[in-house]
Structure formats: structure tokens, C-alpha cells
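> fold the following for me, if possible:
(one chain, ligands or ions: 1)
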Amino acid sequence: LNLALHAPFGIAGGVQAKVENVLLTVEFDDGTIGYGEAAPLPAYNGETQAQALTVLDGARAWLPGLQLDDWRAAATEFRHRGGATCGSAQCAFETAVLDALARRRGEPLWRFFGGAGVTLETDMTITTGTPEAAAEAARTIVARGFRMVKVKIGGAGPRHDLARLQAIVEAVGDVPLILDGNAGLTRAEADDLVRGLKDSGIAPTLLEQWLPKEDLVGLHDLAEHSGWAVAADESVVTREDALQVAHGQAAQVINVKLMKAGIAVALDVVEVARTAGLGLMIGGNVESVLGMTTSACLAAGLGGFSHADLDTPLFLAENPFVGGLRYDGGTVSVADITAGHGVSPRAEGP
Ligand SMILES: [Mg+2]
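The predicted structure follows:
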């Protein structure tokens, strides 16, 4: 699933010039078809399209005949047979199976996940780059009706990031900001940036994963010293990771992404966060409407997600699919979906 981007997607760990994802199709013996997407993002966690293809291709040998009615058992089987090495492939498999199961029942995935709601309010992201580019992007985002702006920071030093953030505020005023470091700042850089922001009178809504994923003490101290809420993203892949963040009071919010380790694990992480009283954010890699609709169905259906970062279909220059989520400014709606995630390849029709 190779797709062109309007512009390169830059984060602290590197730049994604084009999307190299994988589309998975599963077919049940009654002919029901389900679709899943793997969206490996090398700059995020090192996963590649080649790895996802290897794991998914490997499943051809053992999948035929497998009972898929118990999707969690099937997910466990897949994890043991390679999914543990590639979260995006695991996600593609679980998405396709759940899509087929829900299509067969005529049930939309947002209802399958709990039916709590059908809309979310998403941010839109300003990727790494110059202060001028950041200001221009901010103007466009606000003009499109988004009320929350996420800014990718880290990798080029706190002085550069502060200049970008000042340029954004100059361009669009006091818009709520989520600052995502993608684990790319040191503690000293984080302290410098907090000081610079306070001196500039900029108070972000959320500091997302500024520090390396294993630095839970640093994340805890960052929230305490800044007085601003911290989100853990790279630090939380598994249920055990979420428990560690909760026990260490390392974050106030957990960014849940299906591409990290699949849907079953994401549901476990949500349960840990809820039990610990932590806030929930739904995010993703650089995904097409297929992957992002699945995430929107999960977050809207479960309810209780305070932050949504489901904007990457808007960065794509092409959409090979029909169906799925709809954007109205910053509002994401899955209300039109009648079965599964509702996304099908364009050539085959809805
Ligand atoms: Mg993040």
C-alpha cells in the first residue's frame, strides 16, 4: 500500500517521504472479506514495510483452516507466529479479522467496541521544519476548522523548537498545543524548552513523550516541574508498560495506537489506564483512511478518550479506498459506517 504524501512527514527520529504500508485481505470460508492495514513507521520504532510483508506473507502457510470466531485467540496465535516482532503486521491481521467478523454480522466496528459514540475531535499535526513552515501550517490548520494543534518537536534543539512555537502563536494566537517530542529530547533540552515557553507565555495543553521511552522518572519529573500534563506514547506498547507508567506516575495521559502491538493489546492498555485514572489519547502512525477509521471506531466506541490525533489521511495525496471516517473541520465521524470499518478498495466498490 504505497501512497504519496502532500509533503514529507517529519518527526524527531526522521522523515517519512512517502507512505509504505501494507494492505491485508482475509477471506472467510463463507466468502466474507475483511481488510487490514499495516502502517510501519521506521522513524517511530524502526518497523519497515519489508518486515510487515514478511510476517504477513508467513501467515499464508498456517492461516487456512484457522478458527477466527474467537478473534482474541486468533490474535494470540498470530502474535506467537511473528506478530510479536512487528506490531503493525499484528494490527493488520486483527483489523482484517474484526472487519470480516463485523461485516458478516452487519455490525459497525464502533458498535462492536462499545457504541459509546460516533464522533471525536481530532488535532492536526505540524511536522518538523522551519519556523516559517510551522507558522504557515498553523494558519492552514486553524482555517480548516481544527481547534487543537499538535506540533512535532525534538531533534534540532530547544532553541529551534521555541522559535517554531513562537512563530505558531504569532500566526494563530492562543490555540491549544500538544507538543510531541517522539522521545527525541534530553532532560536538559526539555528543561530549556520549558523555561523558554514559560518566558514566552506559552502554556501547552500536553507534553507528549519528550524524553526517551525508558526514562519514566524523567517524564514524571517533567510534569511535576513544568506543571503541565505529560502523555506517554513510545513508553507504552504493552499492558506491562502501561502498568509501569501508572505505578511510576510517569504520565497523566497514555497515547493508544493500534499499530504498536495490535488491537487486543491496545484494549488491555486502555483497561490499565482507566483503572489507574489516566487519560486516553488515540493516535496512529502515518495511516490511510483504513487504519485510521479502525482507530476512530475503537476510541469513539469505547468512549472516554480526551485526545484524538487521527489526521494522517489528510496528509495523503491519494486515497485508494471508499468508505470509512469523515472529517468536518476537526470533527471525525464514523456515523456513516454500517458494517466493519466500512473501508474497501476503490476498485471493488463499497
Ligand atoms: Mg506521539
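
> only C-alpha atoms for contact and neighbour calcs from this point on.
OK.

> so where's the protein shaky on pLDDT?
348-350 (pLDDT under 70).

> all helices of it, in order?
Assigned by DSSP state H, the helices in the chain fall at 42-45, 49-59, 71-80, 87-105, 109-112, 131-143, 158-172, 187-200, 216-226, 239-247, 258-261, 263-276, 289-302.

> what's the closest of those to residue 29?
The closest of these to residue 29 is helix 87-105. By Cα to Cα, the value is 11.1 Å.

> the closest one: which residues count as buried?
Neighbour counts over helix 87-105 (16 or more other Cα atoms under 10 Å) mark 87-104 as buried.

> that one vs helix 49-59, what angle?
Interaxial angle, helix 87-105 versus helix 49-59 (axes from the mean of the first three to the mean of the last three Cα atoms, to 10 degrees): 50 degrees.

> elements contacting helix 87-105?
Applying 3 or more Cα pairs under 8 Å, 6 or more residues apart in numbering; DSSP states H and E, we find helix 87-105 packed against strand 22-27, strand 33-38, helix 49-59, helix 71-80, helix 109-112, helix 258-261, helix 263-276.

> just checking, what packs against the second one?
In terms of contacts (3+ Cα pairs under 8 Å, 6+ apart), strand 33-38 is packed against strand 22-27, helix 87-105, helix 289-302.

> got the ones you listed as JSON lines, with distance to residue 117 columns?
JSON lines is the format used below for those (distance: least, Cα to Cα, whole Å):
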{"stretch": "strand 22-27", "distance to residue 117": "27"}
{"stretch": "helix 87-105", "distance to residue 117": "17"}
{"stretch": "helix 289-302", "distance to residue 117": "5"}
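
> ok, which of these comes nearest residue 176?
Short answer: helix 289-302, nearest of these by Cα to Cα, at 20.9 Å.

> re earlier: quick one: which of the helices of the chain is nearest residue 339?
Comparing those by Cα to Cα, helix 87-105 comes nearest, at 4.7 Å.

> got the angle for that closest one vs strand 22-27?
40 degrees.

> nearest to residue 55 among the helices and strands packed on strand 33-38 would be which one?
Per Cα to Cα, nearest to residue 55 of the helices and strands packed on strand 33-38: helix 87-105, 6.6 Å.

> that older thread, got a markdown table for the helices of the chain, with distance to residue 317 too?
Formatted as a markdown table, these follow (distance: least, Cα to Cα, whole Å):
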| stretch | distance to residue 317 |
| --- | --- |
| helix 42-45 | 20 |
| helix 49-59 | 19 |
| helix 71-80 | 32 |
| helix 87-105 | 22 |
| helix 109-112 | 26 |
| helix 131-143 | 16 |
| helix 158-172 | 25 |
| helix 187-200 | 34 |
| helix 216-226 | 36 |
| helix 239-247 | 35 |
| helix 258-261 | 21 |
| helix 263-276 | 27 |
| helix 289-302 | 12 |
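
> among those, which is nearest residue 28?
Once the helices of the chain are compared by Cα to Cα, helix 87-105 is nearest, at 7.6 Å.

> run the chain-centre distance for the closest one.
17 Å (Cα atoms, centre = their mean, to the nearest Å).

> send me it as PDB with only the CA atoms.
Extracted C-alpha coordinates of helix 87-105, given in PDB (Å, rounded to 0.1, in the frame of the first residue of the first chain):
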ATOM      1  CA  GLY A  87       3.100  -4.600  15.800                       C
ATOM      2  CA  SER A  88       1.900  -3.100  12.500                       C
ATOM      3  CA  ALA A  89       1.500  -6.600  11.000                       C
ATOM      4  CA  GLN A  90      -0.300  -7.800  14.100                       C
ATOM      5  CA  CYS A  91      -2.600  -4.800  13.800                       C
ATOM      6  CA  ALA A  92      -3.300  -5.500  10.100                       C
ATOM      7  CA  PHE A  93      -4.300  -9.100  10.900                       C
ATOM      8  CA  GLU A  94      -6.600  -8.200  13.800                       C
ATOM      9  CA  THR A  95      -8.200  -5.400  11.900                       C
ATOM     10  CA  ALA A  96      -8.900  -7.600   8.900                       C
ATOM     11  CA  VAL A  97     -10.400 -10.400  11.100                       C
ATOM     12  CA  LEU A  98     -12.600  -8.000  13.100                       C
ATOM     13  CA  ASP A  99     -13.700  -6.300   9.900                       C
ATOM     14  CA  ALA A 100     -14.800  -9.600   8.400                       C
ATOM     15  CA  LEU A 101     -16.500 -10.800  11.600                       C
ATOM     16  CA  ALA A 102     -18.400  -7.500  11.900                       C
ATOM     17  CA  ARG A 103     -19.300  -7.300   8.200                       C
ATOM     18  CA  ARG A 104     -20.700 -10.800   8.500                       C
ATOM     19  CA  ARG A 105     -22.900  -9.700  11.400                       C
END
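
> re the thing from before, for residue 1, which of the helices of the chain is the nearest?
Closest among the helices of the chain, using Cα to Cα: helix 49-59, at 9.2 Å.

> how about the closest one: buried residues?
49, 51, 52, 53, 55, 56, 59.

> closest one of those residues to residue 128?
Distances from residue 128 to the buried residues of helix 49-59, taken by Cα to Cα, are shortest for residue 49, at 22.7 Å.

> good, we can wrap up now.
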